[in-house]
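Novice: sequence unavailable; structure follows:
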């Protein structure tokens, strides 16, 4: 917004105008005062001149000596202020006058204003006055030079004008500068602040109080503006709340929730996938006809259900109320359909808890529909309609049903939940076991240690390998109890080996999720102390595909454990993020061994580039290397020729049950 006429210009024009008018009045008054002083001065000078020639003139007039009278009058010619001098008889007849040059003209207006010329009339008496006849013989009339007075007036006027105009300019500039500092600049700062307010911030904007204006009118203006803004913001907030929230539960309504959903979908920082749940609580419909109207208004049951929903979801979920009995939950950080199903089950279990209301015992029921993003037609309204449609489909199937909008997801998640239960039951029923595979010196055939490999014994006698179990456990969220069981079992084996005099170390694979868990280090410390594991006997194998920043953090935590006697093995080296920066991390962190992934060993001896590079890296980092997955004599011979002596694989032995391993490879010392 442009200012047509600046306040600075306006105030300067006003100050200048007032100053000019005031100065003009002051100049006129002062000019009249100065002129009057000069008139009085001229009059005194004329009187002095008249008294100096009064006596000789009186004698000459008394003798009627005209030449003498003219001589005396002409003697006044050198007096600069005189322009006329003459003798007037009592009958006002000019008898004699001095021969002064012609008087220079003066504007008639000035003569009228300042009453020019200045004249005095002095009576001339005889030397001996007759009291009975005091009439003078004649009158001496002297007239001052009006042109001199005119020059004085012009000089005085020009001096005062220049002086006072300069003073007016200085005052105008000074007053304008002060007004700018005190008023205009703060006002301009307020204008700029108001111009830069975004539309969404307008109802809540508060002006900053200008410095040094806390107790003046500007401060009062800002405080009153801010007070009014606070009242408007309060009213705007209340109106927004009433238009976007449920008046009883204070939850976002469908309008606001749809906007929040659109905002989340448009966010660049959101996860690639998330889930939306719509919960329909049938009990809220069923009891509406039973409760009294006054009790329905309070909606105690509704508030109880909202409290249950809030208890079941996390802080990163958004809860909204779509209608009297339908609620929506935006699970922002739940990416997997399985985890969305787990959340839905927690919600269902919480809702199904019995409660008492109006002397009635209720067991609320509900149905939940889930829509997984991304999906066909990626819009907020379409996603919400899909979740609502899934909830209605669940309602048609009966009470307390949970369905995905995509039927295949429902079937898949149900299967995953069954597998989760089976894994947890297998841990409880001790159907997991550890097989041991030897790690040998390929040159001397000496057994250097063993690696504990997880096996899952099925009811039909088959065994599930770790490549199938571990990813499934990580996806299902049961890797922590499973990993803890593996560590505990490994520590028990080592403790029994130590008692039997078996000095072999035991390597254990640790999931990246398990390592990053907050209880991992304390739990491991407890196991080491409980089973009194000797230093260097327990090796933790951590996969190299952990993210670099996580790996550094985890290995920093393992420094303390390394000092207590743990050895750390970097498993599957070359499969992750090997880079110069990564190698710099390895150089600083407590890594005791590098294991070359089996996929690189399989290509030997034809494709040996990666293995050569890893071998060179180990030499630079001064770290021992172990090859896993060695299955042929050709692979072993190539590794030995290139200085890699430690190996593990089917060439030496398959993973064996503990009893078979101990019988074949362990001999007490």
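Specialist: In hand now; what should we look at? From a predicted model like this one, the values you see are computed outputs, not experimental measurements. Numbering: from 1, shown residues only.

Novice: go ahead and flag the most central residue of the protein.
Specialist: Centroid-nearest residue in the chain, with Cα atoms, centre = their mean: residue 201, separated by 13.9 Å.

Novice: residue 539 versus that one, what's the distance?
Specialist: Relative to residue 539, residue 201 is positioned 59 Å away (Cβ to Cβ, to the nearest Å). C-beta here means a position set from N, CA and C on the backbone, and glycine is covered the same way.

Novice: same question for residue 227.
Specialist: Distance from residue 227 to residue 539, by Cβ to Cβ: 70 Å.

Novice: which residue of these two possesses the greater neighbour count?
Specialist: In this view residue 227 and residue 539 are compared by other Cβ atoms under 10 Å, and residue 539 has more residues nearby, 23 against 11.

Novice: what residues are bridge-paired with that one?
Specialist: When bridges are called by DSSP bridges, residue 539 pairs up with residue 507, residue 567.

Novice: got a list of what it touches?
Specialist: 449, 505-508, 566-569, 592-593 (Cβ atoms under 8 Å, 6 or more residues apart in numbering).

Novice: go again with 7 Å.
Specialist: 505-508, 567, 569 (Cβ atoms under 7 Å, 6 or more residues apart in numbering).

Novice: which PyMOL command selects the buried ones in those residues?
Specialist: Under the burial definition 16 or more other Cβ atoms under 10 Å, those of the contacts of residue 539 that qualify are selected in PyMOL by:
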select buried, resi 505+506+507+508+567+569
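
Novice: in a markdown table: the contacts of residue 539, plus distance to residue 117 and pLDDT.
Specialist: As requested, those are exported to a markdown table (distance: Cβ to Cβ, whole Å; pLDDT from 0 to 100):
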| residue | distance to residue 117 | pLDDT |
| --- | --- | --- |
| 505 | 134 | 92 |
| 506 | 135 | 93 |
| 507 | 131 | 92 |
| 508 | 130 | 92 |
| 567 | 127 | 85 |
| 569 | 126 | 85 |
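
Novice: so which of the contacts of residue 539 comes closest to residue 100?
Specialist: Using Cβ to Cβ, residue 569 is the member of the contacts of residue 539 that lies nearest residue 100, at 132.9 Å.

Novice: helices or strands up against the one helix or strand that closest one maps to?
Specialist: According to DSSP states H and E, residue 569 maps onto strand 567-573. Secondary-structure packing of strand 567-573 (3 or more Cβ pairs under 7 Å, 6 or more residues apart in numbering; DSSP states H and E): strand 538-543, helix 548-563, strand 593-596.

Novice: select from these the stretch with the lowest mean pLDDT.
Specialist: Of all these, the minimum mean pLDDT falls on helix 548-563 (a mean of 65).

Novice: show me where pLDDT drops low in the stretch 201-350 of the chain?
Specialist: 241, 287-299 (pLDDT under 70).

Novice: where along it do the helices fall?
Specialist: Along the stretch 201-350 of the chain, the segments classed as helices by DSSP state H, counting those that start in this stretch run 217-244, 254-266, 282-286, 293-298, 300-312, 337-351.

Novice: can I get the ones you listed in a markdown table with distance to residue 453?
Specialist: Below are these laid out as a markdown table (distance: least, Cβ to Cβ, whole Å):
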| stretch | distance to residue 453 |
| --- | --- |
| helix 217-244 | 57 |
| helix 254-266 | 43 |
| helix 282-286 | 50 |
| helix 293-298 | 62 |
| helix 300-312 | 39 |
| helix 337-351 | 26 |
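
Novice: and residue 525, which of those is closest to it?
Specialist: Closest approach to residue 525 among these (Cβ to Cβ): helix 337-351, 30.1 Å.

Novice: now the angle from the longest strand belonging to the chain to strand 538-543?
Specialist: Secondary structure of the chain per DSSP state E: the longest strand is strand 446-457. Computed by axes from the mean of the first three to the mean of the last three Cα atoms, to 10 degrees, the angle separating strand 446-457 from strand 538-543 equals 70 degrees.

Novice: and strand 446-457, how far out from the chain's middle?
Specialist: A distance of 54 Å separates the centroid of the chain from that of strand 446-457, by Cα atoms, centre = their mean, to the nearest Å.
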